[in-house]
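Chemist: Kindly return the folded structure for what I paste below:
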Amino acid sequence: MSSSMSMQSASGFSSGTPGGGPNPADEQTEPASTLSIFALDYKKHEDIKHMLDSNKDNLKLEAMRRVIGMIAKGKDAADLFPAVVKNVVSKNMEVKKLVYVYLMRYAEEQQDLALLSIATFQRALKDPNQLIRASALRVLSSIRVPTIVTIMMLAIREAVYDMSPYVRKTAANAIAKLYALDPELKEELIAVIVKLLADKTILVNGSAVQAFEQVCPERIDLIHKNYRRLCNLLVDIDEWSQVTVLNMLTRYARTQFVDPNKTVEDDKNNFYGDENNSKEKSENDDEDSLEKRTYTMDSDHRLLLRCTKPLLQSRNSAVVMAVAQLYHYVAPRSEIHVIANALIRLLRHHREIQTIVLKCIASMAEKNKDIFGPFLKAFYVRSSDSSHVKRYKLEILTTLACATNISTVLRELQTYVLSPDKEFAAQTIHAIGRCASTIPEVTEACLNGLVGYMSKKDETIVAESVVVVKKLLQINPVQYGDIIKHIVRKVDKITVPQARASILWLIGEYSERISKLAPDVLRKMAKTFPDEEAIVKHQILNLAAKLYVMNAKQTHLLVQYVFNLAKYDTNYDTRDKARLLRALLFQADKCPALSKHAKKILLASKPAPLLESIVRNHDQYTLGTLSYVIGQTVPGYTDLPDYPLEPSDSSIRNVEVIRPSPSQDESPRKPSSSGKKKSTTDEKFYSDEEENDENEGTSTEGPDDEDEEDEEGDDDEESENEEEEKSDEDEDEDGEKPAKTINQTDEYEQLDARSPTVVDNHESSEENDTESEDEEETSASEDTTDGEGEEKIIEKHTLSFNKSPSNIAISGFSMATTTEKSIAEDDLEAFLGITTTSASNQQSTTKASVRDDLQNLESLSTPSTLTYIRQYECLNRMTGQGLQIQYRFPRTPFQRATNMVHIELTFTNTIPNNDIRSIKFIKSKSGVNIQGFSDIDQLPGGASIITSIGIDFNDTTQAASFDISIGGRQLATSISIPCHVGELFQPKFINEKDFNKSLSSLRGMHEITGTLNVNETQISKFNFTTIQTKVVQCANVSSVPSSSGDSTVYRFSGQTVSSKALVLIAIQLNMSRSTINLTLNSDRIILATMLLKEIQQAISTIS
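Modeler: The predicted structure follows:
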């Protein structure tokens, strides 16, 4: 678009008219009852609808620009769908393109309305403009209804033969959607994928491979004839398609080539493994030594490595990681070092990228330390690094430590121990212990240093030092007897349970070396036994048992006393352990065989523990995959296949040989020089393919270079026409080439250049719309249910039904149940002007009388005490580092602010043995007013805490976002809580007279109606209970008592939480016509419209 057009569009957004002046529609007066903000919003949509219904293309274009602008800003424009979809038949290309952009965004949400225009979409598939054809196909594939599967299949088949590569790319992207809708079409889709894989346009290659990976990844034979071409064109494909192709080629190489690190001698050992040939093998040692050093790599294997190496310089970190993964799994060890520089360069990116890269480096360094040895300083920890980055850098430094650089590594680690981040300091001590266990030369020095850390004032450092020293002492306890005595003297000063348990284990295990100190330690532990943690109690019991078998005479009474304390302990594990040890030591008649060997059982030699890597369990997954990152299998993950014992025949990839393109003056028709005899038909086939390759020339740059397209403009059209004429001449010369195979030539390698700027804008809009579409799908799946699925959700999440809900006050995160009070009581108190104060006896008396009056009213009509409470997740345990947060709407007033929606948050620590400390609310991010929760000092492992927040949604369903911190560090992911439209209301208790009075002032533009047609059998099942259940399920409103005696009209009332705007709901049953009439009156007509749709959908499920 030109700059003048952009400025005109911008002025249109701000002023409402193309000329920049005031919009006359905005100056019209509104009724006094309408709020100004609401009136502007409502009129803006009315203005757009009028503009879309006009006969002038300039007004339609301006309206569509405003609609797309609303979508780009995150505003919901779904109510404009009927007005927009009518313009899909517009003859103005600019309007039609914007309409298709809108339809791609909302086609899945409004499937019924989109289906009404399916004939228009089919006609658009024949449109001369390639963008219209591609957009129509994309919209058609977005309507995921099984009834149009046949239409989609026909559209994809036709699009595959389209002259525009952009349309063919769109067809490739639609294949996966169609396969997900109907997997039985797999064989037909495979035929389409074969055609797309053979496409010579780089714009199509990536999407074709993506469709192959999602539909038929096991059909590796489809890649054979395209392998060499994909390798050569890999550099020119767009970045994200490069990632897909690289992953596919990695899997292909693992199935077609042998292990490059397997020498010839390994094969001979397997083949000549029997003893009869051992003499012959020993006689030919010299010849075998020559063969051992030789490895002949397949030429196609070498082609893959050579073509992917330049991609290590890519600006896209995902591409660099994909190449590094390929080299790690496919390249010889002598060539893997080329990836080191590229991976180190990625450490300058954002912390999220750093975390993934460092984790992959840690796994690579385990098998190939020499690769990253020269870059040791790149893994030094900075103060600005995140906790995950620090942890992985520590892991890499420990892995790369060797005898030559251990002094440098230890000096660096000593600095980290003094870090103010205590968790990081504890991890550093663990890393020092790993160095001591893997490098014997520094074991003693590390032990002395760790013993020195036991004198620090910080309990975390002392505790971790004790645990690590305990593990190291098991390697050679005889040599370090003095250190054991030093640790025993620290038992009274150390309070961390894990450290105390480690000390007690050391005393019991090596009690013969400290025979004078051990009984005294047991005496002290017996005094504090009831107050100790479970892990410490278990080690006290172990110590008592071991001292009894070593010196029963001196410790008999003390051991009996400890066992008696454990016998009545509250922890059943402690009681069971005490019962087991008592039977082993004191009840020899019950188990004589075990009691005889009690000393051997308790004091058996134990292997020294291994200080393991933090990524030790992740090597089972393929490097760089999501399963590898999170450490568990995710749906869709497949392991990388093992190398075959024998390589595949390279001739299967000889179908197309990519040669350097000759000059245009040279004759493109040369017979194949493979040296093999072929039939006349084969010679013509290969000749045609070579002709296509050579005619292609430099066109493989293709449509990916969008900037060059913008500059060249009409030149592309001329070159395309020249190519078409040239192709026609070639076909005349061949004579045998059918017209249907014209798409195999390269005459349309470039994008249609008639509107290159629109192509750029369309593609960028497509990406934004796709992201917005995913967000809308998520919210739609949470907020809307229908049919049987809805009933299941009600059964699962209803906490209290037909009962008065209990108000749970959270103070200091301890739940205290207050006096039970229904929603209707609260409304009646507010209606009568009564304030609740527990200290006033007079008000208590009034309150009691109010409740008596309420009970009399309840005899006339059942009050709206039904609750429908669903629970949602706003932070999963993986993103929250073990912390899971769920929220629900309890439908009770928020005590700190009456204009805020009350939301209960449930914090759950999903890590059993790890406490989460210092959870704090930081700030709101979405611009809405949020009353945060109180700080949570500690959340034990496996425990849950319920707290409350209040959010002023300002009568909108826009999600509210806020940040929290865990352990003093802000969580990278913001917490987002969208509000269901029904939760924006609160009950408003009024009688029928007041209902009708308020209704008279909310007529006209404040009223919206709807009709629901049902059959006679279904309408007979409608009564007040069933209708009330469905209405309260959709919205937090109360029923209005009926005094007229009309049993066919049901009324409900409520008000918005934020602005207290009244909403009135009337449902009338028409038995004669089998219809249900719904009427909603409110100042907030947008909310009323959304609520009407949900109530209609809920009532329609009554059967």
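
Chemist: CA atoms only for the one helix or strand Ile371 maps to, dumped as CSV, please.
Modeler: Following DSSP states H and E, one finds Ile371 within helix 369-372. Output of helix 369-372 as CSV, limited to C-alpha atoms (Å, rounded to 0.1, in the frame of the first residue of the first chain):
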residue,chain,number,x,y,z
LYS,A,369,33.9,-33.1,25.5
ASP,A,370,36.5,-32.0,23.0
ILE,A,371,34.0,-30.1,20.9
PHE,A,372,33.3,-27.4,23.6
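
Chemist: in it, what's buried?
Modeler: For helix 369-372, the neighbour count (16 or more other CB atoms under 10 Å) marks 371-372 as buried. Using the backbone N, CA and C atoms, a C-beta is placed for each residue, glycine as well.

Chemist: Next, the buried residues of stretch 974-991.
Modeler: Result for stretch 974-991 [16+ other CB under 10 Å]: buried residues 974-975, 977-991.

Chemist: Check which element follows the helix holding Ile371 along the chain.
Modeler: As assigned by DSSP H and E, the chain's next helix or strand after helix 369-372 is helix 387-400.

Chemist: From the chain's centroid, how far away is the helix or strand that that next one is followed by?
Modeler: Sequence order places helix 406-417 as the next helix or strand after helix 387-400, per DSSP H and E. On the basis of CA atoms, centre = their mean, to the nearest Å, helix 406-417 sits 37 Å off its chain's mean C-alpha point.

Chemist: Next, the angle helix 406-417 makes with the next helix or strand after helix 406-417.
Modeler: Once helix 406-417 ends, the next helix or strand along the chain (criterion: DSSP H and E) is helix 422-438. Interaxial angle of helix 422-438 relative to helix 406-417 (axes from the mean of the first three to the mean of the last three CA atoms, to 10 degrees): 160 degrees.

Chemist: and helix 422-438 with helix 387-400, angle?
Modeler: 10 degrees.

Chemist: start the count at 36, not 1, going forward
Modeler: Sure thing, new numbering starts at 36, so read that last one as helix 457-473.

Chemist: What is the subsequent helix or strand relative to helix 457-473?
Modeler: That would be, after helix 457-473 and using DSSP H and E, helix 478-488.

Chemist: Give me the angle between that following helix and helix 457-473.
Modeler: Using the same axes, to 10 degrees: helix 478-488 against helix 457-473 is 150 degrees.

Chemist: send the alpha carbons of the helix or strand just after helix 478-488 over as PDB?
Modeler: Going down the chain from helix 478-488, the next helix or strand is helix 494-508, by DSSP H and E. Output of helix 494-508 as PDB, limited to C-alpha atoms (Å, rounded to 0.1, in the frame of the first residue of the first chain):
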ATOM      1  CA  GLU A 494      22.300 -23.000  56.700                       C
ATOM      2  CA  THR A 495      21.700 -23.800  53.000                       C
ATOM      3  CA  ILE A 496      25.400 -23.900  52.200                       C
ATOM      4  CA  VAL A 497      26.200 -25.900  55.300                       C
ATOM      5  CA  ALA A 498      23.400 -28.400  54.700                       C
ATOM      6  CA  GLU A 499      24.400 -29.000  51.000                       C
ATOM      7  CA  SER A 500      28.100 -29.300  52.000                       C
ATOM      8  CA  VAL A 501      27.200 -32.000  54.600                       C
ATOM      9  CA  VAL A 502      25.100 -33.900  52.000                       C
ATOM     10  CA  VAL A 503      27.900 -33.800  49.400                       C
ATOM     11  CA  VAL A 504      30.700 -34.700  51.800                       C
ATOM     12  CA  LYS A 505      28.600 -37.600  53.100                       C
ATOM     13  CA  LYS A 506      28.500 -39.000  49.500                       C
ATOM     14  CA  LEU A 507      32.200 -38.400  49.000                       C
ATOM     15  CA  LEU A 508      33.200 -40.000  52.200                       C
END
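
Chemist: ok and helix 494-508 relative to helix 441-452, angle-wise?
Modeler: 150 degrees.

Chemist: residues of helix 494-508 that come out buried?
Modeler: 496-508.

Chemist: Name the residues that touch that helix?
Modeler: Identification of contacts with helix 494-508 by CB atoms under 8 Å, 6 or more residues apart in numbering yields 452, 457-458, 460-461, 464-465, 467-468, 471-472, 478, 481-482, 485-486, 488-489, 491, 515, 518-519, 522, 525, 529-531, 533-534, 537-538, 540-541, 643-644, 646.

Chemist: Buried ones among the residues you listed?
Modeler: 452, 458, 460-461, 464-465, 467-468, 471-472, 478, 481-482, 485-486, 488-489, 515, 518-519, 522, 525, 529, 531, 534, 537-538, 540-541, 646.

Chemist: Quick check: which ranges of this protein have low pLDDT?
Modeler: In the prediction, the chain carries residues with pLDDT under 70 at positions 36-79, 298-330, 512-515, 643-653, 690-904, 961, 1039, 1080-1081, 1138.

Chemist: Domains in it, by residue range?
Modeler: According to the TED database, the chain comprises the domains 80-293, 520-641, 906-1014, 1018-1136.

Chemist: In three-state terms, label Ile1100 for me.
Modeler: Three-state assignment for Ile1100 (DSSP: H, G, I helix; E, B strand; the rest coil): strand.

Chemist: which residues does it bridge with?
Modeler: Counting by DSSP bridges, Ile1100 is bridged to Phe1087, Leu1115.

Chemist: I'd assumed Val1072 was in contact with it.
Modeler: Yes - Ile1100 is within contact range of Val1072, at 6.5 Å (criterion: CB atoms under 8 Å).

Chemist: Give the full set of residues in contact with the residue nearest the centre of the chain.
Modeler: Nearest residue to the geometric centre of the chain (CA atoms, centre = their mean): Thr914, 8.3 Å. Contacts for Thr914 (CB under 8 Å, 6+ apart) come out as Thr1008.

Chemist: again, but for Asn240
Modeler: 232, 234, 265, 268, 272, 276, 280.

Chemist: returning to that earlier point: which residues do Ile1100 and Val1072 both contact?
Modeler: Jointly contacting Ile1100 and Val1072 under the rule CB under 8 Å, 6+ apart are 1066, 1087-1089.

Chemist: quick one: which of these is nearest to Ser1055?
Modeler: For the shared contacts of Ile1100 and Val1072, the minimum distance to Ser1055 (CB to CB) is 19.2 Å, reached by Val1066.

Chemist: what about Tyr922, which SS state?
Modeler: Strictly by three-state DSSP, Tyr922 counts as strand.

Chemist: next one: stretch 1127-1134 to chain centre, how far?
Modeler: Worked out by CA atoms, centre = their mean, stretch 1127-1134 lies 31 Å from the chain centre.

Chemist: Other residues contacting it?
Modeler: Applying CB under 8 Å, 6+ apart, the set of residues contacting stretch 1127-1134 is 819, 821, 825, 1016-1017, 1043, 1045, 1047, 1062, 1065-1066, 1068-1070, 1100, 1102, 1111, 1113, 1115.

Chemist: In helices, which of those residues fall?
Modeler: 825, 1062, 1065-1066, 1068-1069 (DSSP state H).

Chemist: Which pair of those spans the longest distance?
Modeler: Glu825 and Ile1062 (15.3 Å).

Chemist: Now distance to Ile406 too, for the domains of the chain, in JSON lines please.
Modeler: Output for the domains of the chain, formatted as JSON lines (distance: least, CB to CB, whole Å):
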{"stretch": "domain 80-293", "distance to Ile406": "18"}
{"stretch": "domain 520-641", "distance to Ile406": "36"}
{"stretch": "domain 906-1014", "distance to Ile406": "29"}
{"stretch": "domain 1018-1136", "distance to Ile406": "55"}
